[in-house]
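K.L.:
Need a 3D model of the following:
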Amino acid sequence: ELRFTVEVTNESEDTVRVAVDYLVHYLKANGTLAPKVFKLAVADLQPGQTRRFSKAHAFRPMTTRVHYPGGHALQVQVNGVLSASAGFDVVR
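P.N.:
Residues are numbered from 1 along each chain as shown. The predicted model follows:
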C-alpha cells in the first residue's frame, strides 16, 4: 500500500469548500502511465485554516487492474487544480 498525507490551506478571506482528489498514474504493460482519479475528501475551510488529509491506497490484486512493478506516480488535485507529481516504485 501507499500511504500519503496532504495539507490544504485556505489562503482566501472567505470560507471555501474544497474537493480533494488524488490521481495514481499506473504503469501499464507498454511502459506508459495511465492516470486514475480517486476521491479523498470534501471539506469547508475557514479563512487561514489548514487541514490535513491522509490515505493508504492499497495495491492488492484485482481482476480489473494489473499492478506492474516499476515507477508509478501520485498527484493531488484540489478543486480541479493538480499538484506536482511524486514518483514511487511498486515491487513484487
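K.L.:
Check which helix or strand the residue nearest the centre of the chain maps to.
P.N.:
The structure's the chain has its C-alpha centroid closest to residue 22; by Cα atoms, centre = their mean the separation is 2.3 Å. Here residue 22 sits within strand 16-27, counting by DSSP states H and E.
K.L.:
about what we covered before: residues touching the residue nearest to the centre of the chain, list them.
P.N.:
Counting by Cβ atoms under 8 Å, 6 or more residues apart in numbering, residue 22 touches 4, 6, 37, 38, 40, 55, 57, 74, 75, 76, 77. Every C-beta, even on glycine, is put in place using the N, C-alpha and C of the backbone.
K.L.:
Switch these over to JSON lines; also include neighbour count.
P.N.:
Putting these into JSON lines (neighbours: other Cβ atoms under 10 Å) gives the following:
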{"residue": "4", "neighbour count": "15"}
{"residue": "6", "neighbour count": "17"}
{"residue": "37", "neighbour count": "11"}
{"residue": "38", "neighbour count": "11"}
{"residue": "40", "neighbour count": "21"}
{"residue": "55", "neighbour count": "17"}
{"residue": "57", "neighbour count": "13"}
{"residue": "74", "neighbour count": "18"}
{"residue": "75", "neighbour count": "16"}
{"residue": "76", "neighbour count": "21"}
{"residue": "77", "neighbour count": "16"}
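K.L.:
Great, nothing more from me.
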